[in-house]
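Visitor: Please find the sequence and the predicted model below.
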Amino acid sequence: MRRWWHYLTPGPAQAATGLACLGVGMQRGRLPVVGPRTLDRWVAVVVTSGSGWYTARDGSRRPVAAPSVLWLRPGVPHHYAPDGGGWSESFVDFTGPGLAGYAELGLLPQEDLVPLLAADSAQRVVARIAGACRRGGPLVDAEAGAAVHELLVELHRQRADLDPRGAPVLEALRRDAFLPLPVAEHARRAGLTVAGLRRAVRAVGEAGPKEYLLAVRLSEAKLLLAAGELPVAAVARRVGYPDPAYFTRLFTRRVGVAPSVFREREYRGGLSPRAGTEGPRTTD
């Protein structure tokens, strides 16, 4: 049995960045049973080899097989262990106000046990956290906290239980984002119900189709405004808003300044379109 772990005590400034790493560990072999216990923080337990069990919230015992991740939640009892042959695992403890946003994006799943396609990329992130802790120094909390953000993304990217239609659906939304279409029409084009479209989009880490379309449109609008070649009304039409006044209100509410103010502030002097990209589609 080999075991190593390290704990951190980040201060308020690190917590204010959104996520703080509280601990990291790597162990393998015939490890002891964990729990039943309840923690006040999140823990991602990445099982990289071997098998075992955990007790679900309904009291039933479920099998665990590598590669997978056990999500231990604050305030929720957990109980788990490897089988007699042992297993290899890494764990990262974390907390912070940024967790609410990650939950909304679906990167903190509701499931306690999530199968993974592979654990290599997540392991590399954990190794960087461990390396930062071994080095120590004044930036260890910042390094470890930044890596937790990446770990959540990698664990979501490697989920084996997600709807495989998520990526092509997102590509179709991005392709048609500048057409003045309601979400229901985007769903119809993808052969999905609106609820099905929402699930597919959330499966790839986006808050929802409406939010994703808005982000794509506003990002393109910013590019066009920074180029400074089109009036605001033309920019609005190019990104799918026939009503310039509505576009201006939407842009101002989301970005914090009016489109005209954004252009004055960000003007780049006649930018050409980004290399390798096509202009916005305006017709079918």
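Guide: Sure thing, it's come through.

Visitor: from the middle of its chain, how far away would stretch 240-251 be?
Guide: Between the centre of stretch 240-251 and the centre of its chain there are 29 Å (CA atoms, centre = their mean, to the nearest Å).

Visitor: Ok, stretch 71-84 next?
Guide: The offset between the C-alpha centroid of stretch 71-84 and the centroid of the whole chain comes to 23 Å, using CA atoms, centre = their mean.

Visitor: cool, and stretch 199-207?
Guide: Between the mean C-alpha position of stretch 199-207 and that of its chain there is a distance of 9 Å (CA atoms, centre = their mean).

Visitor: what does it contact?
Guide: Where contact means CB atoms under 8 Å, 6 or more residues apart in numbering, the residues beyond stretch 199-207 that reach it are 104-107, 153, 156-157, 162-163, 165-167, 169-170, 173, 190, 192, 208-209, 212. Bear in mind the C-beta positions are built from the backbone N, C-alpha and C, glycine included.

Visitor: Same check on stretch 129-139?
Guide: Outside of stretch 129-139, the residues within contact range by CB under 8 Å, 6+ apart are 4, 6, 8, 21, 24, 26, 92, 140, 143-144, 147-148, 151.

Visitor: Reformat those residues as TSV; add secondary structure, neighbour count and pLDDT.
Guide: Written out in TSV, the entries for the contacts of stretch 129-139 read as follows (DSSP: H, G, I helix; E, B strand; the rest coil; neighbours: other CB atoms under 10 Å; pLDDT from 0 to 100):
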residue	secondary structure	neighbour count	pLDDT
W4	strand	11	95
H6	strand	17	97
L8	coil	19	97
C21	strand	29	97
V24	strand	28	98
M26	strand	20	96
V92	strand	25	98
V140	helix	20	96
E143	helix	16	96
A144	helix	27	97
A147	helix	25	97
V148	helix	28	97
L151	helix	28	97
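
Visitor: Could you give the backbone dihedrals for D243?
Guide: Reported as degrees, to the nearest 10, the phi and psi values for D243 are phi -100, psi 110.
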